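# sharing a model prediction with you, sequence too.
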Amino acid sequence: MKSDKIHLQLKEFNTILKETDAIYSRLARQIGLSDCGFWLMYSIREADGKCTQRELCDQWIMSKQTVNSALKKLEKKGYITLTSSKTDKRIKYITLTDEGIQYAQKTIDIVFGLEKLALEKMSPSERVNMIKTAQKYQELFLAETKRFLK
């Protein structure tokens with residue numbers, strides 16, 4: 001691939017994404033979770049401690065099997081309970097246990113705080129522009145991939 005300006009910018013952008021992902025991976029390891037377990041706890045906590053397995057699969061674009069495996073590990077640690085819907089056994093509700101809430105307060109909530117502190121160091125217009133620009137790139141990239149993906 002040529003080393004033109006667009007290629008160099010794409011390389012820099014992808015490096016930023018990978019380095020950001022690595023930060024979250026280090027945080028996950030620090031608090032004793034796999035990457036998948038971290039993101040599931042993050043989302044459950046973000047949802048005030050209650051959501052469905054389907055919501056997590058959709059949010060993180062992960063297979064039901066991957067999410068189920070990570071949820072079973074979180075359940076084994078005592079952080080969550082999994083209950084089936086009374087009307088549809090395919091629907092699994094995930095709820096933080098008291099132990100899970102305490103764990104999330106000592107770990108996930110700290111991550112939320114770190115993210116907030118980082119964003120607070122940006123101006124309001126920088127935050128808005130960051131979100132708008134990332135969203136525009138994602139939409140344009142998706143449009144381009146539709147010609148390739150079947």
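Great, that's in hand.

# for the longest helix seen in the chain, packing partners?
Secondary structure of the chain per DSSP state H: the longest helix is helix 5-30. Applying 3 or more Cβ pairs under 8 Å, 6 or more residues apart in numbering; DSSP states H and E, one finds that helix 5-30 contacts helix 35-46. (C-beta placed from N, C-alpha, C; glycine too.)

# please identify the buried residues of the helix it packs on?
Counting neighbours by 16 or more other Cβ atoms under 10 Å, one finds that the buried residues in helix 35-46 are Cys36, Gly37, Phe38, Trp39, Leu40, Met41, Tyr42, Ser43, Ile44, Arg45.

# check stretch 108-118 too.
Of the residues in stretch 108-118, those buried (16+ other Cβ under 10 Å) are Ile108, Val111.

# and it, C-alpha only, in CSV?
In CSV, the C-alpha atoms belonging to stretch 108-118 read as follows (Å, rounded to 0.1, in the frame of the first residue of the first chain):
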residue,chain,number,x,y,z
ILE,A,108,-16.1,-0.3,37.0
ASP,A,109,-17.2,2.9,38.7
ILE,A,110,-13.5,3.9,38.9
VAL,A,111,-13.1,3.3,35.2
PHE,A,112,-16.2,5.5,34.5
GLY,A,113,-14.6,8.2,36.6
LEU,A,114,-11.3,7.9,34.7
GLU,A,115,-13.1,8.2,31.4
LYS,A,116,-15.0,11.2,32.7
LEU,A,117,-11.8,12.9,33.9
ALA,A,118,-10.2,12.4,30.5
